[in-house]
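**Student:** This is a predicted model, with the sequence first.
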Amino acid sequence: MIKTDIIIIGAGPVGLFTIFEAGLLKLRCHLIDSLPQAGGQCSEIYPKKPIYDIPGFPSILAGELIDNLMEQAAPFKPGFTLGEAAVTIDKVSENEFIVTTDKGTKHSAPIVMIAGGLGVFEPRKPPIENLTDYEDKGVEYIIKDPNFYRGKRCVIAGGGDSALDWAIFLAKNNIVSEVSLVHRRSSFRGHLDSVQQVMDLADEGKVKLITEAEVVGIGGNGKVENVVIKHKTEGEITKETDHFIPLFGLKPSLGPIADWGLEIEKNAIKVDTTDYSTNIPGIYAIGDVNTYENKLKLILCGFHEGTLAVQSAFSRIHPEKKNVLKYTTVNGVTGF
Ligand SMILES: Cc1cc2nc3c(=O)[nH]c(=O)nc-3n(C[C@H](O)[C@H](O)[C@H](O)COP(=O)(O)OP(=O)(O)OC[C@H]3O[C@@H](n4cnc5c(N)ncnc54)[C@H](O)[C@@H]3O)c2cc1C
């Protein structure tokens, strides 16, 4: 049994910053994440994209932000259970919850903070019969590291920002030997500027644009070697490629979180905005996973929510102690 002060379910940016704020109050955290690495959406979906609205950083790559948050949290020695999904929360006494993962790991603490973001990630997959046979053998639903595709031929499918942004990135940085973008309509859903960039790159011959078409089949001996594209007027075309990357977004699915007796609204956990507590005393919800009036799914809002939630958690754990706000400039990081 892993024992700690606060179990944080979700090691995205919000869960990670909460370790720091809890640490300033001398509260230890242990984080659980179903993904094999920390960082949530920032690491899994867009590690190489710059973020422009983190206070004090005019621009920072999402992956770098996660590295910095890990460094900032390190003095407080957080624990991690990675690659395991939290499946149950049991309240065993007034001051103890037990969180169990799908692999049977048990964690005990008086406080649980749910920082589960969009929930367990599930990519939207196109209906291609043998698609799953090629997963991780040339079919990827998320681009984690563009260098993985260096010198390769890639077929991206999708009409939203993710598909457009990656087609632009791979083509502009001369990473791949060839990039094709397949979309079933003639117009795109993404930002106008991105659409224009893709059109310009197509004119320059750097992106092969195939619209009014869908990938309907995959071929290859043990790995992707070609895709079959069904075009509205030209019929079926077989295109040689090393990778097929369908970028149709992620399905927002709360997963096990929906079964924990919490008040759910719009696929998110309802919270009291005075301290981001849920309807179950001792359980808090912070970051993208919660909802309240005027909620914004932004990293900086999640940082604020985690900060207030740990103050409230401190009062629950130490009802006899008065918590006085201290500045890090005066007390340093571990000098509280
Ligand atoms: C392409 C893109 C660009 C973005 N750009 C910006 C931007 O410029 N600025 C900005 O502020 N925001 C941006 N966002 C939004 C931002 O990424 C989110 O607001 C932020 O990631 C939320 O952080 P979080 O920690 O709440 O959740 P997440 O980052 O979603 O992390 C939640 C973690 O919880 C885990 N989890 C869920 N359920 C369980 C479970 N049952 N057991 C174990 N683990 C679980 C998940 O695996 C995940 O790792 C962007 C998002 C996307 C997709």
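**Tutor:** Here it is on my side, so go on.
**Student:** Show me where the stretch 1-150 of the chain has its strands.
**Tutor:** 2-3, 6-9, 29-33, 50-51, 60-61, 79-82, 86-93, 96-101, 106-109, 111-114, 122-123 (DSSP state E, counting those that start in this stretch).
**Student:** buried ones in the longest one?
**Tutor:** By that I understand strand 86-93. 86-87, 89 (16 or more other CB atoms under 10 Å). Using the backbone N, CA and C atoms, a C-beta is placed for each residue, glycine as well.
**Student:** which of the residues in stretch 106-115 are buried?
**Tutor:** Here stretch 106-115 shows 107-115 as buried, counting by 16+ other CB under 10 Å.
**Student:** so which of those residues are also by the ligand?
**Tutor:** residue 115 (CB under 6 Å from any ligand atom).
**Student:** In JSON lines: the buried residues of stretch 106-115, plus pLDDT.
**Tutor:** Below are the buried residues of stretch 106-115 laid out as JSON lines (pLDDT from 0 to 100):
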{"residue": "107", "pLDDT": "98"}
{"residue": "108", "pLDDT": "98"}
{"residue": "109", "pLDDT": "98"}
{"residue": "110", "pLDDT": "98"}
{"residue": "111", "pLDDT": "98"}
{"residue": "112", "pLDDT": "98"}
{"residue": "113", "pLDDT": "98"}
{"residue": "114", "pLDDT": "98"}
{"residue": "115", "pLDDT": "98"}
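**Student:** what's around the closest residue in space to residue 165 that isn't next to it in sequence, how many residues?
**Tutor:** In space, and not counting its chain neighbours, residue 165 is closest to residue 194: 6.1 Å by CB to CB, 6 or more residues apart in numbering. Residue 194: 17 surrounding residues under other CB atoms under 10 Å.
**Student:** Equivalent analysis for residue 196, please.
**Tutor:** By other CB under 10 Å, the residues close to residue 196 number 11.
**Student:** Residues in contact with stretch 327-336: which ones?
**Tutor:** By CB atoms under 8 Å, 6 or more residues apart in numbering, the surrounding residues in contact with stretch 327-336 are 23-26, 75-76, 326.
**Student:** how close does the residue in the stretch 101-250 of the chain positioned nearest to the ligand get to residue 282?
**Tutor:** Going by CB to the nearest ligand atom, the ligand is nearest to residue 117 of the stretch 101-250 of the chain, at 1.8 Å. Residue 117 is 21 Å from residue 282, where distance means CB to CB, to the nearest Å.
**Student:** what does residue 160 give?
**Tutor:** Distance from residue 160 to residue 282, counting by CB to CB: 39 Å.
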